[in-house]
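Undergrad: let's see this in three dimensions:
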Amino acid sequence: MLRISKLTDYGTMILVCLADQGRLCPASDVATNTGLSLPTVQKILKELTKSGLIKSVRGAEGGYQLNRAPKDISAADILDALEGPVAITECSADDSACEHESNCSVGGAWQRINTAIRNALTDVTLAQLHSPPSEFPLVYTAINHTSEKDNQDVAGKIARAPTNAT
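TA: Alright, predicted model coming up:
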């Protein structure tokens, strides 16, 4: 299953919190505002600072803030900072070391899929994650070789399915 880690999910929450603040914000305030533990927040803030997504200022008046506008930070930037570049298969990674690559007939297809995922992540910004446009959450329709009514029934069930909010 393709799934981002909890730390990346929490990192997105932290970035949204910092976007809301629009000023230097101490780690303790970020922890309070997000409901995350202070050690977890500090760990993620350190990684986000190393990646350049946020900046930190030391001292009594210090804290953390976004280094770029929310519209200039993509979901891909967040994933890169906290998990590394998206690579759904070994051959999709920039530093691929797959021993079967020369004999594999499906690697190119996985690389195309990886590129599509990467492009989708690049197209979604922190600003959109913070205030999703009306088309979020996306609803997908299951299409199969049954009747149109069956397809509508499945689509209705998907649309009514509960979502897990962070």
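
Undergrad: return the residues in contact with residue 63.
TA: Residue 63 makes contacts with 23-27, 29, 56-57, as judged by C-beta atoms under 8 Å, 6 or more residues apart in numbering. For glycine as for every other residue, the C-beta is placed from the backbone atoms N, C-alpha and C.

Undergrad: apply 10 Å and report the result again.
TA: Contact analysis of residue 63 by C-beta atoms under 10 Å, 6 or more residues apart in numbering lists 18, 21, 23-30, 45, 54-57.

Undergrad: pick out the most distant pair among those.
TA: 28 and 55 (17.7 Å; C-beta to C-beta).

Undergrad: where does the residue nearest the centre of the chain land on pLDDT?
TA: What sits nearest the mean C-alpha location of the chain, by C-alpha atoms, centre = their mean, is residue 75, with 4.5 Å. pLDDT for residue 75: 95.

Undergrad: how far away is it from residue 5?
TA: 14 Å (C-beta to C-beta, to the nearest Å).

Undergrad: domain ranges for the chain?
TA: 6-130, 134-166 (automatic domain parsing).

Undergrad: any idea how far residue 9 is from residue 75?
TA: The spacing between residue 75 and residue 9, counted by C-beta to C-beta, is 11 Å.

Undergrad: can you check residue 55 too?
TA: In terms of C-beta to C-beta, residue 55 sits 22 Å off from residue 9.

Undergrad: ok, residue 34 next?
TA: Counting by C-beta to C-beta - residue 34 and residue 9 are separated by 11 Å.

Undergrad: more neighbours: those two, which one.
TA: residue 34 (18 against 14; other C-beta atoms under 10 Å).

Undergrad: that'll do, ta.
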